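> coords below, sequence missing:
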C-alpha cells in the first residue's frame, strides 16, 4: 500500500502543471507526437517542452521511442489511468449517494 | 480535473427533494451521517458517519467508517433551489487531523421538471487538495477501480 502512494504521488505532481496537463491532453487526443509537433502552437519554447516531457517521463506518464532522427512521445496509458482514479472514486461515491437519495425521496411519502 | 458534476431527474416533487437535502436529519438518513444540528447558512455543523438507512448493502460497506467525526461548513441555504457546504474529501483516516487542509465545495441545485425534480450535484476545488491526500485516497480504495482503470487504459491505447 505504501508503495502505491509513492508511485502515484509523482503522477499528480507531474499533472499539476497546466502546460504539462495540456501536453498530456494533446498526446491523448492526437496520438504520439514529436517535440516539433508538441511545440507547434504552444507558447512554450522547444527547450521548455523538452523539460516538461522529461518531468512527465520521470513520473511515468509518458514514454518515448526513437523513429529515424526523431524522438516520438506518447502517453503511458496504465499510469494515467491510475492517476485518473481518484476523481472517479469520488464520482462513484456520488452516484451511489444519488441512488440512496432516489430511494429515499421516491419511496417514502 | 477540478470538479465532479452529476445531474439526475428524481421522480419526486421539488419540496420533497428539498427537504431530503436541506433537513440535516433527512440528509443523514440517506447519506449515512448523524449530524448534531440543522444546516444554517454560514455555520459549521458537526456529526459522525453512520451507515445509511436506505440501502442495507451500502450500509454494510459504510460500517468501517462508522463514528468518524465530520465537520462541514454550510455556505448557502436558498429554499427549494440551492444548498451548499464545504467539507474535506477523502477524510477517512481516523488518526489524521484534517482541519488545516483545504476543502471542496459541494453544491446541490434543484429545478422543477413537471412533477419531477432535476438535481445537479457539483463538487469542486479538487485542485487544492494535497497530492498526498489524493494518492492515499486512491490507494485506500482500490477495490472497485480496477475495472474502470482497465477501460481507460484500453481507451487510451487505441
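Great, that's in hand. From a predicted model like this one, the values you see are computed outputs, not experimental measurements.
> Please make it C-alpha for all contacts and neighbour counts, starting now.
OK.
> Show me the beta-bridge partners of the residue positioned nearest the centre of chain B.
With distances taken as CA atoms, centre = their mean, residue B:106 lies nearest the centre of chain B, 6.9 Å away. Note on residue B:106: beta-bridge partners by DSSP bridges are residue B:85, residue B:123.
> which residues touch it?
Under the criterion of CA atoms under 8 Å, 6 or more residues apart in numbering or on different chains, the contact list for residue B:106 reads B:84-87, B:121-124.
> Touching stretch A:60-75 from outside, list them.
Around stretch A:60-75, the neighbours that count as contacts under CA under 8 Å, 6+ apart are A:11, A:24, A:27-28, A:31-35, A:53, A:56-57, A:76-77, A:79-80.
> Poorly predicted segments of the chain, please.
Using chain A. For chain A, applying pLDDT under 70 flags the ranges A:1-9, A:12, A:16, A:80-87, A:108-109.
> that's the wrong chain, I meant chain B
Using pLDDT under 70, chain B drops low at B:1, B:90, B:92-93, B:130-158.
> What ranges does it have for its strands?
Listed in chain order, the strands of chain B (DSSP state E) span B:3-10, B:33-35, B:44-49, B:69-78, B:82-87, B:104-113, B:116-124.
> which other helices and strands contact the last one?
Packed against strand B:116-124, as judged by 3 or more CA pairs under 8 Å, 6 or more residues apart in numbering or on different chains; DSSP states H and E, are the following elements: strand B:3-10, helix B:14-22, strand B:104-113.
> Try it again at 7 Å.
On a contact count with 3 or more CA pairs under 7 Å, 6 or more residues apart in numbering or on different chains; DSSP states H and E, strand B:116-124 meets strand B:3-10, strand B:104-113.
> what's the angle from that strand to helix B:14-22?
30 degrees (axes from the mean of the first three to the mean of the last three CA atoms, to 10 degrees).
> Equivalent analysis for the fifth one, please.
Regarding strand B:82-87 and helix B:14-22, their directions subtend 10 degrees when assessed with the same axes, to 10 degrees.
> what angle do strand B:82-87 and strand B:69-78 make?
Between strand B:82-87 and strand B:69-78, the angle comes out at 150 degrees (the same axes, to 10 degrees).
> which ones are touching residue B:73?
Neighbouring residues of residue B:73 by CA atoms under 7 Å, 6 or more residues apart in numbering or on different chains: B:42-45, B:85-87.
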